[in-house]
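> Coordinates for the following, if possible.
(2 chains)
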Amino acid sequence: MIHENEVVMLLLGVGVLIFILTSRLRLKQLPSSNIITAAFYVAFASWVLTVLEGLFWEGLLNYLEHICYAVSSILLACWCWKVFGSKKEAM
Amino acid sequence: MHPHPAVILDIVTFLACLSALIILYKSSRCATQRGAQLLFTGLLVFTLLCYSFCLIIEWSGVTLRLDTLENLTGALVPMCWAFVFYAFHKSISEQSLRESEARFYELFDEAPIGYHELDTKGRITRVNQTELKMLGYTDEEMLGRPVWEFVIEEETSRQAVLDKLSGAIPPGQSFERTIRQKNGNTLAVLIEDRFLHDDAGNIIGIRSTIQNISKRKQTEETLAKEHNLLRTLIDNMPDNIFVKDTESRFVLCNIAIARSMGAATPDELLGKTDFDFYPKELAERYYADSQKVMQSGESLVGQEEPAIDAAGNRKWYSTTKVPLRYENGKIVGLVGISRDITERKQAEYDREQLMETLASKNKEFESILYVTSHDLRAPLVNIQGFSHELSLSCEQVRSAIADKKMAKNIDKKVGNALNKDIPEALGFITNSASRMESLLSGLLRLSRLGTAALRIEPLDMKTILADVTRSMEYQIKQAGATVRIESLPSCLGDASQINQVFTNILNNALKYLDDTRPGMIHIYAKKAKIGQNVYCVEDNGVGIAPEHQDKIFEIFYRLEPDKKSGEGLGLTIVKHILERHNGRIWVESEPGVGSKFFVSLPSI
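As a prediction, the model looks like this:
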């Protein structure tokens, strides 16, 4: 069963994805931009999986969704560590 | 009870977000990115909240309100992502702009040339560090002041700036000014302007670039001095100095060569070649020499070559040509120096002529000595011998008269001496004396030829030859000959002596005509080299054997002394006269056919 809030979340995520893709050249100037954009892509994957689990393979896709959330959070933490946690001035 | 794997993953997610939040807030070195930091914090907080609700729901089974909150916070997560990336994007753009501005100001201030901008009143509104350093002022001392206050030519500058700002003068052309530095010194600068326009296209000011050209000006002045020195030097050299390019075109000349080639100034020769000034043969020769020097890279030193000056006079030059090379060794032309050696060559020619004349005179003198000693000896011996004979005859007469015993036979003895011996001896003595007188007379005439003054003038040869034939009309009739005179070109000479030349030649021709055929004498002109006329007197006489042809011009030499009268002086006199006229005589003859006497004389 598909929840409305999940579809809304996915649509918002698509908007962000389009923005990121059109601005990718400029966003590449961010320090360690690969990590943070990867974090977003994984988060986006989790939103897609959230919607898809309402249609089929609920158990498997839910499991993958949570894995994606976890990976995305870990990547965010890594990026924060790399950018703000290291001693050199970053941004 | 084992926790659900999804719960473990949510715990991992929760902890990761918490760690990120702690790292973010422990960092104090990202104040410049405060906005992005706050948004990022929001993202993490909402994510944390979302997973907190998830965990609580999982563990407590409470679903009613927390489920709603979880949905709400979950929906806010992508929005937070959006804000985060937007904030990053904006901060990057602002940073790029700041960097761009910083680069612009760095370029503006650290440019190798000075910049300043003027407003519509001509006041300085912006000036870069390079110009400030160049002039020694601070920006406070320059900003707001009219630009012409810093220029030595203040009024000119003020007028020019205001004219430009009013649109009367277009900018863009560089010009030189002298700027007053703060320390009181002056500085030569090169200024170039361009207009500043607003969006509507109105002029709102001028941006000028300023370059310090003091060193360049000093270099130019030094170069100008050196150029002036070099120019003075080469223009006052009596020798011809020139530089040619690889096409043999003049690229530098001095006054001497310009004069010799008929140009008013050296500049008239520039870009031209020898073909524009000299006859083709000479120009080709010069061109070939120049090309040889440039192609071989070897200098041509002191080559003597003929030339013709602007007035058409023949000249001789001693020319040295040296290849002109760039620093890399490539030959780009040649440098030439020519010295006028016409006088030296003329002196050499005169000396050679004198030597030839001297040799000829010596030979002639030897011949005269020989002839004089030989020919005068014969009549002297006669005189001596017959004088002795006469003396003996006189002695016989005296003794016959004195001896009375002999008185009977006196008539016989004295009569023999008086009637035969004495008259015979006296006859020989008289003949010898006449011969001696004739020889001495000939020698005297010859010697007078060498000292008589010449009156050189243009001669109408047709008239001269007509006079000669008229004066010899009797001899021509006697010889039964016909004389035909063609059209003859005029020449330079002494009229009386040239008349003598042709009289003698014609006289000889008449004397040696062949009795077996009617005499024909033909006088005509022949083609000759430049500056000379050649006249030919051709006869159909007995001709001259080859072995005599060289000797007939010697003094007292006669072909047939027994048959023909004469002293053997006619052709010798002719030769002398012609040599004094810078002319000459030669003969072509064939025995039994006739002779051709050629006379060369200077043309007009």
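> so what's residue 84 scoring on pLDDT?
Chain wasn't specified; assuming chain A. Listed pLDDT for A:Phe84 reads 76.
> oops, chain B please
Per-residue confidence for B:Val84 comes out at a pLDDT of 77.
> OK, contacts around B:Val322?
Shown in contact with B:Val322 (CB atoms under 8 Å, 6 or more residues apart in numbering or on different chains): B:Val293, B:Ser299, B:Leu334, B:Val335, B:Gly336. C-beta: built from backbone N, CA, C; applies to glycine.
> wait, does the longest helix seen in chain A make contact with chain B?
If you go by DSSP state H, chain A has its longest helix at helix A:58-80. Yes - looking at helix A:58-80 against chain B by CB under 8 Å from any CB of the partner chain, the contacts come from A:62-63, A:66-67, A:69-70, A:72-74, A:76-77, A:79-80.
> how does chain B divide up, domain by domain?
B:5-107, B:111-212, B:222-340, B:376-449, B:453-602 (automatic domain parsing).
> re the thing from before, so which of the contacts of B:Val322 reach chain A?
The subset of the contacts of B:Val322 within reach of chain A, by CB under 8 Å from any CB, is empty.
> Quick check: of these, which has the highest neighbour count?
Counting neighbours by other CB atoms under 10 Å in any protein chain shown, B:Gly336 leads the contacts of B:Val322 with 25 neighbours.
> Show the secondary-structure elements that the host helix or strand of that residue is packed against.
According to DSSP states H and E, B:Gly336 maps onto strand B:331-340. Applying 3 or more CB pairs under 8 Å, 6 or more residues apart in numbering or on different chains; DSSP states H and E, we find strand B:331-340 packed against strand B:240-245, helix B:280-296, strand B:314-325.
> How about the backbone phi and psi for B:Tyr557?
Dihedral pair for B:Tyr557: phi -80, psi 130, per degrees, to the nearest 10.
> can you give me the helices in the stretch 101-250 of chain B?
For the stretch 101-250 of chain B, the helices defined by DSSP state H, counting those that start in this stretch cover B:129-135, B:139-142, B:154-165, B:214-235.
> if we can go back for a sec, in CSV, list the C-alpha atoms belonging to the longest helix of chain A.
In CSV, the C-alpha atoms belonging to helix A:58-80 read as follows (Å, rounded to 0.1, in the frame of the first residue of the first chain):
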residue,chain,number,x,y,z
GLU,A,58,7.5,-5.3,0.8
GLY,A,59,9.9,-7.1,3.1
LEU,A,60,13.0,-7.0,0.9
LEU,A,61,12.5,-3.4,-0.3
ASN,A,62,11.8,-2.2,3.2
TYR,A,63,15.1,-3.8,4.3
LEU,A,64,17.0,-2.2,1.4
GLU,A,65,15.3,1.2,2.3
HIS,A,66,16.7,1.1,5.8
ILE,A,67,20.1,0.1,4.5
CYS,A,68,20.0,3.1,2.2
TYR,A,69,19.0,5.4,5.1
ALA,A,70,21.9,4.0,7.1
VAL,A,71,24.5,4.4,4.3
SER,A,72,23.2,7.9,3.5
SER,A,73,23.6,8.9,7.2
ILE,A,74,27.1,7.4,7.4
LEU,A,75,28.1,9.2,4.3
LEU,A,76,26.8,12.5,5.8
ALA,A,77,28.7,11.9,8.9
CYS,A,78,31.9,11.1,6.9
TRP,A,79,31.4,14.3,4.9
CYS,A,80,30.9,16.4,8.1
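> And it, what's buried?
A:61-80 (16 or more other CB atoms under 10 Å in any protein chain shown).
> ditto for stretch B:385-399
Neighbour counts using 16+ other CB under 10 Å place B:Phe386, B:Glu389, B:Leu390, B:Ser393, B:Gln396, B:Val397 of stretch B:385-399 among the buried residues.
> which of the residues you listed sit farthest apart?
Of all pairs drawn from the buried residues of stretch B:385-399, the one with the longest distance (CB to CB) is B:Phe386 and B:Val397, at 15.9 Å.
> Only the buried residues of the helix or strand bottoming out on mean pLDDT in chain A, if you could.
In chain A, no helix or strand scores lower on mean pLDDT, DSSP states H and E than helix A:24-27, which sits at a mean of 82. Residues of helix A:24-27 classed as buried by neighbour count (16+ other CB under 10 Å): A:Leu27.
> any idea how far B:Leu354 lies from B:Phe150?
Separation of B:Leu354 from B:Phe150 (CB to CB, to the nearest Å): 81 Å.
> Kindly apply the preceding question to B:Phe46 instead.
63 Å.
> A:Leu10 too?
According to CB to CB, A:Leu10 stands 69 Å off from B:Phe150.
> low pLDDT regions in the stretch 51-200 of chain B?
For the stretch 51-200 of chain B, applying pLDDT under 70 flags the ranges B:54, B:57-72, B:171.
> For the closest residue to chain A within the stretch 201-350 of chain B, give the beta-bridge partners.
Nearest residue of the stretch 201-350 of chain B to chain A: B:Arg207, at 31.5 Å (CB to the nearest CB). With DSSP bridges as the criterion, B:Arg207 is bridged to B:Glu117, B:Arg194.
> can you pull the contacts of it?
Taking CB under 8 Å, 6+ apart as the criterion, B:Arg207 is in contact with B:Tyr115, B:His116, B:Glu117, B:Leu118, B:Asp193, B:Arg194, B:Phe195, B:Leu196.
> average pLDDT for stretch B:431-450?
For stretch B:431-450, mean pLDDT rounds to 73.
> actually stretch B:467-480, not the one I wrote
Predicted confidence along stretch B:467-480 averages 89 (mean pLDDT).
> What lies in contact with it?
For stretch B:467-480, the surrounding residues in contact (CB under 8 Å, 6+ apart) are B:Val483, B:Ile485, B:Asn499, B:Phe502, B:Thr503, B:Leu506, B:Asn507, B:Leu510, B:Leu513, B:Pro518, B:Gly519.
> From the residues you listed, pick the one nearest B:Ala433.
Nearest member of the contacts of stretch B:467-480 to B:Ala433, counting by CB to CB, is B:Asn507, at 26.1 Å.
> What helix or strand is that closest one located in?
Using DSSP H and E, B:Asn507 falls in helix B:495-511.
> now the helix or strand following that helix: how far from the chain's centre is it?
Per DSSP H and E, the first helix or strand lying C-terminal to helix B:495-511 is strand B:519-526. In this view, strand B:519-526 has its centroid 49 Å away from the chain centroid, taken as CA atoms, centre = their mean, to the nearest Å.
> Could you check the angle strand B:519-526 makes with helix B:495-511?
Interaxial angle, strand B:519-526 versus helix B:495-511 (axes from the mean of the first three to the mean of the last three CA atoms, to 10 degrees): 140 degrees.
> and strand B:519-526, what does it pack onto?
Partner elements for strand B:519-526 (3+ CB pairs under 8 Å, 6+ apart): strand B:481-485, helix B:495-511, strand B:532-539.
> could you give the mean pLDDT of the longest one?
The one in question is helix B:495-511. For helix B:495-511, the mean pLDDT works out to 92.
> now the angle between strand B:481-485 and it, please.
Interaxial angle of helix B:495-511 relative to strand B:481-485 (the same axes, to 10 degrees): 140 degrees.
> any weak-confidence spans in chain A?
Scanning chain A for pLDDT under 70 picks out A:86-91.
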